[in-house]
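>>> sequence and computational prediction follow.
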Amino acid sequence: MKSEKSILSYIPHPVIMLLGIIVFVSILTYILPAGLFERLEIDGRLRVVPGTYETIASTPLSIMDIARAFPKGFFAAARVVFIVLISGVMFGIVEKTGMIENVVGTIARKMGQQNQILIIILMTYLYGLFGILVGYENNIALVPIAAIMILAIGGDLMLAAGIAVGAITIGFGLSPVNPYTVGIGHEIAELPLYSGKGLRSMLCFAALSLLAWYNVRYFKKLKKNPSSSLSHDVDASGLKLNKSLSEYFISDNNWFVMITFLVGLAIMLYGVFEYHWFINDISAIFIWITVAVALVGRLKLNEIGETVLKSIAVVAPGAFMVALATTIKVILEDGNISDTIAYHLSEVLKVVPSFASAICMSISQCIMNLLIPSGSGQALATLPIMIPVGELIGLTRQATILAFQIGDGVTNLFNPALGGLIAMLSLCRISFDRWLRFILPLTGIILVMAWIVLVTAVLIGWN
């Protein structure tokens, strides 16, 4: 008898998936009325003014308009595309020096194969902490290190993505101190900045714990049946250790390269926290780290040139996907239907029974996140609308922001329009359709758990 295929095996190729969304939103420009909210610039940010939504003349996109949206999307995504490319180049140069392989091999040798489960758990929490404290795209350069470590202890690239990409995404999305969602939300709601940290911290820790359990479960399944790997045919060249563990040690030059790399990352983090550096600034630091590592690692000019092109070839598909996803945002804006969708979602919430209102608000934010993947952009576009709606249906402002954070943060795990997610997956060489097969079951579990916490917060009048 032939075994029945799982429904997840029918997930289309990520390019086809994004093209399908592009076609869908293009059709929506003909179906939905165009509309806009008034916006005011406050502290350098454009905020929606509640109660100002008005329909305007429809602006459906012609065939040429849709085609023009692609180069416009690529232009709009240029900063993220470049940081994906330079991250790949930087890692390629660092890897070429042999530092990462020797350091990972030495750690794996000293910890021993008997500590495989402990390594997976600790790395899950560590990358989660990076997501909480450092941000999202800021962590791109650290993703390949997880791949090398996990392959060294007998895992596969999907497990590496589960640890690095999954934990960074959950940590960032549910961070109690996320400046782009919680910070802006509290500012809009006029609440003490980052108040309610206790409940949010417990939710974030619980979600990371579920991910750690899920990663260990996958690893055990992989050890028992290697053919169950979701990345068995993915090329892992350049990420695997080339010697037996007993042969690894850290040379003096490895130490110099590692110190150079870590100092560069420390400078980046200082700039992020002290001077609010963002993508372009981080890209600039990555460039100088690449140059410094190549010099300290004593790489020859031809080696540098060959490594740069090979590294770009590895991450280019991810960079293309980032730009393709941005086309969705361009079509929504050109068709003037983003505000229409936000307005009608808020109107639906007004007639939903109060028992389910918080969950429905979270689901509405899940929908908006697929259309506006930027956390800060979504907060500025929807929270000025959702907060008054929440008070109208009996939700505290803290509960409304928590509903928004859950909808935005958890959905990030499977959002094809989120450039940072696609970029980090590409560094693990995992395609988006395979990632969905791995992460969707866990996402459902985390959402149910988060909604239980949300409903509890509503019932106790958490404020």
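All right, it came through fine. Here the structure is a predicted model, which means the values were calculated and not measured. Numbering: from 1, shown residues only.

>>> other SSEs contacting the longest helix that the chain contains?
Counting by DSSP state H, the longest helix found in the chain is helix 301-334. In terms of contacts (3 or more CB pairs under 8 Å, 6 or more residues apart in numbering; DSSP states H and E), helix 301-334 is packed against helix 14-31, helix 63-76, helix 78-96, helix 354-371, helix 419-427. All C-beta atoms are positioned from the backbone trio N, CA, C, and that covers glycine.

>>> nearest to Leu413 among these would be which one?
Nearest of those to Leu413, taken as CB to CB: helix 419-427 at 7.7 Å.

>>> and the residue nearest to Ile83 when sequence neighbours are not counted, how many neighbours?
Leaving aside its sequence neighbours, Ile83 sits nearest to Ser283 (CB to CB, 6 or more residues apart in numbering; 4.7 Å). For Ser283, the neighbour count with other CB atoms under 10 Å is 20.

>>> and for Phe70?
16.

>>> would you mind measuring from the closest residue to it other than its chain neighbours to Val25?
Closest residue in space to Phe70, ignoring its immediate chain neighbours: Thr327 at 5.3 Å, by CB to CB, 6+ apart. Note on Thr327: its distance to Val25, by CB to CB, to the nearest Å, is 9 Å.

>>> what's the answer for Leu421, then?
19 Å.

>>> what is the helix or strand hosting Val104 packed up against?
Secondary structure from DSSP states H and E places Val104 in helix 99-111. Judged by 3+ CB pairs under 8 Å, 6+ apart, the packing partners of helix 99-111 are helix 143-152, helix 252-275.

>>> deepest in the core, which of those helices is it.
Comparing the helices and strands packed on helix 99-111 by mean neighbour count (mean count of other CB atoms under 10 Å), helix 143-152 ranks first with a mean of 24.

>>> what's the offset of it from the middle of its chain?
Chain-centre distance of helix 143-152: 18 Å, with CA atoms, centre = their mean, to the nearest Å.

>>> now stretch 139-154
So, by CA atoms, centre = their mean, the centroid of stretch 139-154 is 17 Å from its chain's centroid.

>>> kindly format the C-alpha coordinates of that stretch as CSV.
Only the C-alpha atoms of stretch 139-154 are listed here, as CSV (Å, rounded to 0.1, in the frame of the first residue of the first chain):
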residue,chain,number,x,y,z
ASN,A,139,21.6,38.3,14.3
ILE,A,140,21.9,37.2,10.7
ALA,A,141,25.7,36.7,10.9
LEU,A,142,25.3,34.2,13.8
VAL,A,143,23.0,31.8,12.0
PRO,A,144,25.6,29.8,10.1
ILE,A,145,27.6,29.1,13.3
ALA,A,146,24.6,27.1,14.6
ALA,A,147,24.6,25.2,11.3
ILE,A,148,28.2,24.1,11.7
MET,A,149,27.8,23.2,15.4
ILE,A,150,24.6,21.1,14.8
LEU,A,151,26.1,19.3,11.9
ALA,A,152,29.1,18.5,14.1
ILE,A,153,27.0,16.8,16.7
GLY,A,154,25.1,14.7,14.2
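
>>> next, the buried residues of the host helix or strand of Val291.
Assigned by DSSP H and E, Val291 falls within helix 279-296. By neighbour count on 16 or more other CB atoms under 10 Å, the buried set for helix 279-296 is 279, 282-283, 285-286, 289-290, 292-294, 296.

>>> any stretches of the stretch 351-463 of the chain with poor pLDDT?
For the stretch 351-463 of the chain, residues meeting the criterion pLDDT under 70 lie at 354-355.
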